[in-house]
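Participant: Got a sequence here, can you build the structure:
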Amino acid sequence: MTALAEDQIDQFWADGFLTVPNAVSPGLLERLQHEFNGWVEQSRSHRAPYGQIIDGRPRFDVEEGHRATKPALRRVAAPTEVSDAYFEAMANSAMTEMVADLIGPNVKLHHTKVNSKLPLTSTAVKWHQDFAFTPHSNDSVVTALLMVDEVTSENGPLEVMPGSHRGPIFSLWHNQVFTGAMSDAEAAPMQREAVTCTGPAGSVCLMHTRLAHGSAPNRSSAPRTLFICVYSEGDSVPLSPNPVPCTHSGILVSGKSTGRIRSQEFEVELPEYPTGASFHVQQEHPGER
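Facilitator: Coordinates of the predicted model:
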């Protein structure tokens, strides 16, 4: 028995994305929300990014202007290392089964993170393709964006360009600087035709690694929190260092290891290893595209 119907699988490969409700159980969703709310409360006692992942960078990233009275926690790196609920959602949920339906039967984890836009915060994500940040030997790579909160058209939803996963891999380098974003000229027409991915809490947006996407700031009074898991087919091997390394990177969540590598013909520029959260590089080079 599969988690996705055949027409849903066909839609994913045609459009490059698919939004599906009820990707985790109500009880697990409540645990995820409770855990994240606890991290927000914890962040009130910090003025700058804090905590540490295995490469020494901060686990918890906060937006400029973050303060105790108006917290702006926007990234939790590798949350599966510090939360049983987030590990369960990543490894043993309907969401995991959906990914296996798309690229399985052998599926392994690349990395996880939580991206949040708390009410009236300013972080935007400029247009890019995930594959240019995390190139692999083939593009059987899916990003699962679990909606921990309801995602609406007002609270900074994911915006995608359907079908762009079948097109070119766009450069994130401009004037010999890694900006982490497509050029404005490339992004503008896509943004005009973009489709927003919305849904009730507990839904998941399954996104092909080469799909072009971005998102606007949250100008509403409702939070928008996404638990993001990047999975690859078992025969797909990373070609660059993991930008969010963790102790669970490379574990199989479905199937078994075949000891094989599958390669695919493409060209892509290697990304620059981040010194902080991916938001930082986009903000540091706003005028170099």
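Participant: C-alpha only now, for contacts and for neighbours.
Facilitator: OK.
Participant: Just list whatever residues bridge to residue 107.
Facilitator: On the basis of DSSP bridges, residue 107 is bridged to residue 233, residue 254.
Participant: confidence score at it?
Facilitator: You'll see residue 107 listed with a pLDDT of 98.
Participant: Offset the numbering so it begins at 285, please.
Facilitator: Let's use 285 as the start, then, which means that last one is residue 391.
Participant: Pull up the gap between it and residue 405, please.
Facilitator: In this structure, residue 391 and residue 405 are 35 Å apart, going by CA to CA, to the nearest Å.
Participant: Residue 375 - nearest residue in space that isn't next to it in sequence?
Facilitator: residue 537 (5.4 Å; CA to CA, 6 or more residues apart in numbering).
Participant: wait, the one you found sits on residue 393?
Facilitator: Yes: using CA atoms under 8 Å, residue 537 and residue 393 qualify as a contacting pair, with a distance of 7.0 Å.
Participant: what does the helix or strand harbouring residue 510 rub up against?
Facilitator: Counting by DSSP states H and E, the element that carries residue 510 is strand 508-517. Residues outside strand 508-517 that contact it (CA atoms under 8 Å, 6 or more residues apart in numbering): 374, 383, 387-403, 424-435, 439-441, 502.
Participant: where in the chain is pLDDT low?
Facilitator: 285, 561-564, 567-573 (pLDDT under 70).
Participant: angle of the longest helix belonging to it against strand 508-517?
Facilitator: Using DSSP state H to define each element, the chain has its longest helix at helix 310-327. Interaxial angle of helix 310-327 relative to strand 508-517 (axes from the mean of the first three to the mean of the last three CA atoms, to 10 degrees): 120 degrees.
Participant: Not counting helix 310-327 itself, show me its contacts.
Facilitator: Helix 310-327 has contacts (CA under 8 Å, 6+ apart) with 352, 355-357, 367, 369-370, 373, 432-433, 485-486.
Participant: repeat that for 6 Å
Facilitator: residue 369 (CA atoms under 6 Å, 6 or more residues apart in numbering).
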